[in-house]
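sharing a model that was predicted from the sequence below.
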Amino acid sequence: MESVWWVVKQLWDRGLVYQGVKVVPLSTALGTPLSNFEANSNYQDVQDPAITVLFRLEDEDAWLAAWTTTPWTLPSNLAICVGPDLDYVKVRDADIGRDIYVAADRLAAFGDLPVLARLKGRDLVGRRYAPLFPYFAHESARGAFVVVADAYVSADSGTGLVHQAPAFGEDDYRVMRAAGIEAFVCPVRLSGEFTDEVPDFVGRHVKEADRDIIRWLRDAGALYRQEVIQHSYPFCYRSDTPLIYRAIPSWYVAVTRIVDRLLAANEQIRWVPDHIKQGRFGNWLAGAIDWSISRNRVWGTPIPIWINDVTDRRVCIGSIDDLERLTGVRVTDLHREHVDPLTFTLPGEPGTYRRIEEVLDCWFESGSMPYAQLHYPFENEALFAAGFPAEFIAEGLDQTRGWFYTLTVLAAALYDKPAFRNVIVNGMVMAEDGKKMSKRLRNYTPPDDLMETYGADALRLYLINSGLVRGEEQRFADAGVRDIVRRVLLPWYNAFSFLRTYADIDGWTPAASERSTNILDRWLLSRLQSLKARVAEEMEAYRLYNVVPALLEFVEDLTNWYIRLNRARFWANGMTADKSAAFATLHAALVDLSKLMAPFVPFLADHLYRSLQFQNKSMDAQESVHLARYPTPDRALIEQDLEQAVLRMQQVILLGRQRREDVRIGLRTPLRRLTIVNRDANLLRDLQALEAYLRAELNVLEVHYDTNESAYIETVARPNFPLLGKRLGKRMKAFQTRISALGSAELEALRTTGVLELDGEQFSTQEIEVLQKARPGTGTVSNRLIAVDLDTTLDEALIRSGHAREIVNRIQRLRKESGFNVTDRIRVTYAGAEELLAAAEEHAAYIRGETLAVELLYVSDLDSPVDGGIDDKAFHCRVVRA
C-alpha cells in the first residue's frame, strides 16, 4: 500500500491529480462512482420505458415535445436542448388539441400532422417554458427552464428535443455550463434514492420510481406518448444492478493531458493478436478521458490527500516516513481505520489537516502492481529495474479497458514507458449456446467435473488450441475436450505404449547409437528438428496459435505415419541393427516431444518423460521434464527435400484411399497399378525412394510415375470472389469471365511466377485459384499439388489376395478378443466358402506369418465356429494358444 501511495504522490507532483465535479457512472448498489472503463465492462440488453413529454412554452400556447428513456430524471429537468442547425416544425395534434414543436425529420413518427410553421433550432433558443414539476421552480431565478442549443442533439431518434438534467447527464452538465446557466439540482442520494427535495417520491429508488413518475405526468396532462424499448444499458460489474449517471465530486487523474505519451508507450508493446494494438486498445487510448480514481467505500487503499479545514490547502503524502514526519505517529498498516484519525498542523498556518474520506479505485491498485509487488521504491530497486517493463503478461480481451489500460496509464505517466513488453490477449469463453457462462443457468460443465472426466491436460490443450489465444470468442464445448483426448493424448500415449511393449519384448534400452540411414528414421528426426525450430520461432513471437497446431501435426505424423509405416521393423524377429535404429528413433522423438509439449500438457508430458527413462541410469535425464532444458534444433539433421517428399507421399496415400472409397474397393484388396502424376521430375524421383511404403499403404503391385499432367487432369481457374470483389467492384463480372477462360499457358505462368497480368491488372495466386479435375475416362484424383491415378480393374488373383488379408484381419481380431499377448504363437482352424478356402490355401504362408500361426488347418465340420463373413461369403475360424 505504501508503494501505491508513492504512485499517487508522483502523479500529484506532476500535476496530474485534481478534484472536480463530473457526471460519472454510479453504482447505487455499492454507493460509489465507477470509472468509465468499469462502466463499459458489463452492458446488458434491457427493456426501459421511453416516453415523450410536453413542456408548455410561456410565450405561446404551444408545447415542446421531448423524449427520454429515463423518466426518473424529469423532476430534475432544468432546460431543453435543440440542435442549432436542425430543422424543426410546429404541428397541430387535433387529438389532444395542442400545437407541438418537434424536429422535422421526426415528424413521420408522429403520424400525418399538419405543419403550422418551420424554423431552425437556433430560433427556439432562449424561449422559456413552465417546469414540469414544482419542486425546483425557484431555479428559474438562476436561469433554468429555457431552451438551449448544442450540436450533440440529433434527429436520429426521439423528437429532436432533449430534456436537460445536468446532475444526471454528462452532455447535460456540459451544455448548461456552456450556456452560463447556474441552476443545478441533484435530489438523488448515492444509494439511488430520491431525497426529501422531491416529496412525492422521497425514499424511492429512481429506477423503481419510473412507473409512478409516468403516472404523475399522465395525470398532469404532460405525457404525450409512452412505449417500451429494448436497448443496451450499463450494469455494475460487481453487483449486476443498473448504473445511473450522477454528478459527483471526485478525484481524477488527468489522462487527457498524457494521451500522446500513452500512444507512444503502446508503440513499444507487442500485442498478440497484433490488430488489438492499433485497434481496440489503440482506439481506446486515443479517446481516453480523465480517470475517476476515488471511491466512496470503506475497504481499499486510502487516498493519501489531507485538506486543511480552514485554508482548503491540500497535501499529498507519499510514504510512511512522510506521514510520521507530519503527524508524529508511526503506522505500519495504511488502512482507513489506522490513518483516518491522523491529523496535523503546519507552522504559521491556521487550521488542521484531515484526510479526505475516499479510497482509491481498485483498478488504480491493479495498475500499481509493478511497483507494489516489490515495495518499490522503498525496497528492491535493482530487482525492479531489472524487471520493468515486464517481459510478458496475459489476460482477457476485456482488460484492454481494465488492467492493460491502468498499467499503461501509470507506467507512461511515471516513466514514459509501457508496463509490459509482450502481451497475449485471450478471447472470452462463452457457453456452448453462445451465452455467457452462468452459475444460475448452469449452462456449462463445472471445470472440476471436466478435469475428473478428461484430465486437466485435455482441458488446457483444448483452450490453448482454440481461437481464445487469438483474442476471439470461443463457444466452449465438452465434445472439444473429449476430442483432444481422442485425437491427441491417446494416440501420443499409445505411441509410448507401443515402444515400451516391443522394447520390453526385445530387452531394448536407450543407449548412444549411430545415426540411422533408414529413410523414415531420417524423415522423423528431420521433422523433429524442424518442429523445434518452428516452436522456437513462434514462441519467441508469442504466437501460441501457431505453436500448438504444429505440435499436433507432429503427433499425427508420429502416430499415424511413422509408427504405422514401420510396424514390420518393430515386429521383426530378433534384435537387428535396423530394429535398434527404429527403437532409438522412436524413443528420441518421444523424449523430445514430451519436452516440447511440457508447457502445454504438463502432466502427461512429465509422466511420459519419466517413463521413457526405462530405468536406464546412464541416460542424461532430469527427474522431471519441467527441470529439463527446452529442446533446440540440430539443424544438421534437417532434410527439407525429404520432408517435402514424405509430405507428398502422404498426400498420394490419402488421395489413393479417397479413390478406393469412391469405387468401393477396400484397402485389403490389392490393385494392379498406381500412377503418380506431377510435372516436377525431381519430386517424382524423390518419391521413388518411398515406393515400398506407397505399395504397402495403398496395396498396389506397381507404381508408375508420369510428368505429363495434361494426360490425366484438366486445369481450370476460378476467381477468389471475397478478395477480388472488394478490389474490382463493378468490373468483377467482366474479370470473372476473363479468368474462367484462362488457357494452359497463362495458368502455367501464374503457377510458376505467382502473378499474372490481365488487362492492366495484376493478380496473385491467392486471388486466382487454380483447380484441377480429372480428364474424362480417367480415374484421377488431385489436391492441386499432386495427382494420382489408380487402376481399379480387379481379376481373380487380386480378389483372392484381398480375401487372404481379410482372413488375417479376422484372425487378429480373435487374438485380441482372446486376450493373447502379441508374442503368443497360435493354432488356427477354419472353414468357409470355397473362394475363401482357395485364398487361404494360396496365401497360407502370408497368413501364418502375419498372425504368428504355427498351424493353419482346414476343418470341414468346425466345432463352435466363430462367424466372420467376408464379402457376404461364410467364414469360420477358431484360435488357440500353441
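Great, that's in hand.

how is this structure carved up into domains?
Following automatic domain parsing, one finds the domains of the chain at 2-22+248-380+402-425, 45-234, 486-638, 643-710, 713-774, 796-881.

relative to Ala787, which of the ones you listed is closest?
Comparison of these against Ala787 by CB to CB identifies domain 643-710 as nearest, at 4.1 Å. In short, each C-beta sits where N, CA and C put it, glycine included.

can you check the distance spanned by stretch 352-372, start to finish?
End-to-end distance for stretch 352-372, by CA to CA, to the nearest Å: 30 Å.

list the buried residues in the longest helix belonging to the chain.
Secondary structure of the chain read by DSSP state H shows that its longest helix is helix 640-663. Residues of helix 640-663 classed as buried by neighbour count (16 or more other CB atoms under 10 Å): 642-643, 645-646, 648-653, 655-656, 659-660.

now do that helix: which elements does it pack against?
Contacts defined by 3 or more CB pairs under 8 Å, 6 or more residues apart in numbering; DSSP states H and E place helix 640-663 against helix 519-540, strand 671-677, helix 681-688, helix 691-698, strand 780-782, strand 787-791.

let's see it at 7 Å
Packing contacts for helix 640-663, counted by 3 or more CB pairs under 7 Å, 6 or more residues apart in numbering; DSSP states H and E, involve helix 519-540, helix 681-688, helix 691-698, strand 780-782, strand 787-791.

confidence-wise, which of the ones you listed is weakest overall?
Of all the helices and strands packed on helix 640-663, mean pLDDT reaches its minimum on strand 780-782 (a mean of 87).

partner strands of that strand, parallel or antiparallel?
Strand 780-782 has its sheet partners listed here by DSSP bridges as strand 787-791 (antiparallel).

now the angle between helix 691-698 and the strand it pairs with, please.
Here the directions of strand 787-791 and helix 691-698 differ by 60 degrees (axes from the mean of the first three to the mean of the last three CA atoms, to 10 degrees).

what is the subsequent helix or strand relative to strand 787-791?
helix 796-817 (DSSP states H and E).

circling back: from the buried residues of helix 640-663, pick the one nearest Ala66.
Within the buried residues of helix 640-663, proximity to Ala66 (CB to CB) peaks at Gln651, which comes in at 69.6 Å.

shaky segments in the protein?
For the chain, the stretches flagged by pLDDT under 70 are 614-620, 862-868.

check it for its longest strand and report it.
Of all the segments of type strand in the chain, defined by DSSP state E, the longest one is strand 43-56.

so which elements touch that strand?
Here strand 43-56 touches strand 63-68, helix 206-219, strand 223-234, going by 3+ CB pairs under 7 Å, 6+ apart.

quick one: the shortest one to chain centroid distance?
By that I understand strand 63-68. Offset of strand 63-68 from its chain centre (CA atoms, centre = their mean, to the nearest Å): 45 Å.

contacting residues around that strand?
50-57, 74, 80, 98-102, 129, 158-159, 161-163, 224 (CB atoms under 7 Å, 6 or more residues apart in numbering).

again, but for stretch 846-857
So stretch 846-857 is contacted by 804, 807-808, 811-812, 815, 824-829, 840, 844, 882 (CB under 7 Å, 6+ apart).

buried stuff in that stretch?
Applying 16+ other CB under 10 Å to stretch 846-857 flags 847-848, 850-853, 856 as buried.

can you pull out the helices in the stretch 1-150 of the chain?
For the stretch 1-150 of the chain, applying DSSP state H, counting those that start in this stretch gives helices covering 2-13, 36-39.

mind checking the end-to-end distance for stretch 230-250?
This stretch, stretch 230-250, spans 32 Å end to end (CA to CA).

thanks again, I'm all set now.
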